[in-house]
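> Structure, please.
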Amino acid sequence: MIAISAGDGFMKRMQARGVDARQTAETDPDKAVADYLAQCLSDPKPRPIGSLICKTLDLFSRHK
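Below you'll find the predicted structure:
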């Protein structure tokens with residue numbers, strides 16, 4: 001799975017299920033897939049506020 005953003009809890013759950021979940025700053029889905037296959041997927045953009053919100057939601061999540 002390739003996404004622009006995802007919380008730490010989601011990423012850990014995907015990893016536990018054997019899903020290769022990646023984050024990227026690339027907005028073009030075709031290029032993101034091509035970059036992934038070429039093993040040169042760009043790093044995600046930092047999202048300090050979004051990250052804080054996700055971490056807060058993870059604290060109250062029933063999916064631990």
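
> can we go C-alpha only for contacts and neighbour counts from here?
Will do.

> Just name the shakiest helix or strand of this protein by mean pLDDT.
When each helix and strand of the chain is scored by mean pLDDT, DSSP states H and E, helix 48-59 comes last, with a mean of 74.

> Tell me the pLDDT of T24.
Looking at T24, its pLDDT reads 95.

> Now do the same contact list for it.
2-5, 32, 41-45 (C-alpha atoms under 8 Å, 6 or more residues apart in numbering).

> From the contact counts, what lies against the least confident helix or strand of the chain?
helix 8-16 (3 or more C-alpha pairs under 8 Å, 6 or more residues apart in numbering; DSSP states H and E).

> and the helix it packs on with helix 48-59, angle?
70 degrees (axes from the mean of the first three to the mean of the last three C-alpha atoms, to 10 degrees).

> which residues are in contact with helix 8-16?
Here helix 8-16 has contacts from 20-21, 54-55, 58, 64, using C-alpha under 8 Å, 6+ apart.

> May I see the buried residues of it?
9, 11 (16 or more other C-alpha atoms under 10 Å).

> go on, stretch 19-31?
For stretch 19-31, the neighbour count (16+ other C-alpha under 10 Å) marks 22-24, 26 as buried.

> I'd like those residues as CSV, with distance to L37 and secondary structure appended.
Output for the buried residues of stretch 19-31, formatted as CSV (distance: C-alpha to C-alpha, whole Å; DSSP: H, G, I helix; E, B strand; the rest coil):
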residue, distance to L37, secondary structure
R22, 12, strand
Q23, 14, strand
T24, 13, coil
E26, 14, coil
